[in-house]
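Visitor: Got a predicted model here, sequence first, then my questions.
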Amino acid sequence: MSIALEDMTYEELLEVTKKQEALIEEMQFQIDQFKRLLFGAKRERFVKNIDENQLSLPFEVKQDETPEKQQEVITYVRNKTKHENHPGRLALPSHLPVKEIIIEPDEDTTGLKCIGKEVTDQLELVPAKLFIKRYIRPKYIKPDDDEQLNHTGIIADLPVFPIEKGIAGPGLLAQIMIDKFVDHLPIYRQIERFKREGIKISSSTINGWQEAVCNLLEPLYDTLKHRVLTQGYLQVDETPIPVLDKTTKGKTHRGYHWVYYSPLEKTVFFDYSDGRSREGPTRLLKDFKGYLQTDGYKVYDIFNDKKKITLLNCMAHARRGFEKALDYDKPRAEYALGMFQKLYAVEQKAREEKLDAKQRHELRLDKALPVINELSKWIVETYKAVLPKSAVGKATAYCMPRWDNLIAYLHDGSLEIDNNLAENAIRPIALGRKNYLFAGSKRGAERAAMFYSFFGTCKKNNVNPFEWLRKVLKVIPTYKVNKLQELLPQNLTL
């Protein structure tokens, strides 16, 4: 039963007004976040408007009301100096081949003496060209062989090809995969590029080549998976990928790529799952032991109950809530962001000084632990003082139940403060979605997971993905299964 406003006391009206204002603020916050998602910048950089080391003047300087006007003629000589900070012309790489072109003057130089040369370098490009690699194998028989017509003769063996009886060489196959999964060039665009070279290759042919390469690399993918999951520290994240639904024409369903990144060995493993439920990571991590770092997604909470797993959360996600609250409760949000800034300053110092795990652990206990203790007290007090659905209330509510997991990185200097390395590993998928829009099937999504794993590991280890894949395709058909780990990007010598 509702009560008419005229029947309410002043205190009751004031309470209703506060609730309405809180509701309006919450709805405005949601609208602003949607606008930011659609039109705003994604950066979360925080810079204080006031420098802590800058002193402020406690008084105002009074100016003379009627200053005396004076005129003065000033002359000076200005010396123009060259800007020493200018980077100058781009230095060309020394490993590139040089094609020399000598340009003689139009005038007759007969009998003249050359007193020097002016050299001008220009960076040029010759587009990649297709060519035919033709294997010619002479065939021999003995001169006194009476059955020459039926004799097979002596002939050299063909080298092993990536695709048996296939016309695509390892370089071409590697380039197709690089174009799609590194440079995000859809197959139909690659086909158009081949047409410019006078070569007509159908999409079905390229898809067949891709499937054959995947079958060839499947054992190596399993080796990478085993290598990643045996690490004692993993970061996990997930990202959606639309997958074409074969049952309904023109429709897609949302699948997910789960990325597992090992900071210790710089290896990346992608796994495809039909949904975002806990089934995917639970299945893959059933035998995992060690530290597991994730964001605050509730699916990961199940690992809190695993005795062999220590769950860590991401400090960047905790910070993000306060960054969003800047426009709604600036004093509190700025204080929290300033504290997070101090924590990240400790991490930056450890990187700049190239500290090992033990030294970084000691630095954190000395510099970061006092900040964390102060911040934890402030979060508890602020949580009690603000409205639960306010921007700062939501930010503190995110931190409270996860605080032990957020500060668990203090246990070991090998651990990271946040999950950003795993998030960076999934960026190629986001770029790929903008270009080829969706995976054509579940098999296509699994195929993408394989190559994102290999090429992501190449990137983390500064390995040229084309050179790596071309070499692997040359040798893997006859490589021993128990030595496949030698072909992983972090192990293979190019």
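Guide: Ah, there it is. Residues are numbered from 1 along each chain as shown.
Visitor: Can you tell me how far the closest residue to Leu492 other than its chain neighbours is from Phe455?
Guide: Nearest non-adjacent residue to Leu492, counting by CB to CB, 6 or more residues apart in numbering: Trp468, 6.2 Å away. In short, each C-beta sits where N, CA and C put it, glycine included. According to CB to CB, to the nearest Å, Trp468 stands 9 Å off from Phe455.
Visitor: Over to Lys113?
Guide: Lys113 is 57 Å from Phe455, by CB to CB.
Visitor: Neighbour count for these two, which is higher?
Guide: Using other CB atoms under 10 Å, the more surrounded residue of Lys113 and Phe455 is Phe455, with 23 against 5.
Visitor: and that one, what is it in contact with?
Guide: Shown in contact with Phe455 (CB atoms under 8 Å, 6 or more residues apart in numbering): Ile178, Phe181, Val182, Pro428, Pro465.
Visitor: Now, the residues you listed that are in strands?
Guide: Secondary structure from DSSP state E places none of the contacts of Phe455 in strands.
Visitor: For those, give me TSV that also has neighbour count, distance to Val243 and pLDDT.
Guide: Formatted as TSV, those follow (neighbours: other CB atoms under 10 Å; distance: CB to CB, whole Å; pLDDT from 0 to 100):
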residue	neighbour count	distance to Val243	pLDDT
Ile178	20	23	93
Phe181	22	16	90
Val182	20	21	89
Pro428	20	17	72
Pro465	21	24	93
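Visitor: of all these, which two lie farthest apart?
Guide: Using CB to CB, these span at most 11.8 Å, a distance reached by Ile178 and Pro428.
Visitor: So which elements touch whichever strand or helix holds Gln359?
Guide: Take DSSP states H and E as the rule and Gln359 turns out to sit in helix 357-363. Applying 3 or more CB pairs under 8 Å, 6 or more residues apart in numbering; DSSP states H and E, we find helix 357-363 packed against helix 330-352.
Visitor: Please state the offset of the helix it packs on from the chain centre?
Guide: Offset of helix 330-352 from its chain centre (CA atoms, centre = their mean, to the nearest Å): 23 Å.
Visitor: And the strands in the stretch 51-200 of the chain?
Guide: Taking DSSP state E, counting those that start in this stretch as the criterion, the stretch 51-200 of the chain contains strands spanning 139-140, 154-155.
Visitor: who touches the first one?
Guide: The contact list for strand 139-140, computed with CB under 8 Å, 6+ apart, reads Gly153, Ile154, Ile155.
Visitor: Check the secondary structure at the spatially closest residue to Arg360 that is not a sequence neighbour for me.
Guide: Computed as CB to CB, 6+ apart, the closest residue to Arg360 that is not its neighbour in sequence is Gly413, at 3.8 Å. Gly413 carries the three-state label coil when classified by DSSP: H, G, I helix; E, B strand; the rest coil.
Visitor: Tell me the secondary structure of Tyr256, please.
Guide: Assignment for Tyr256 (three-state DSSP): strand.
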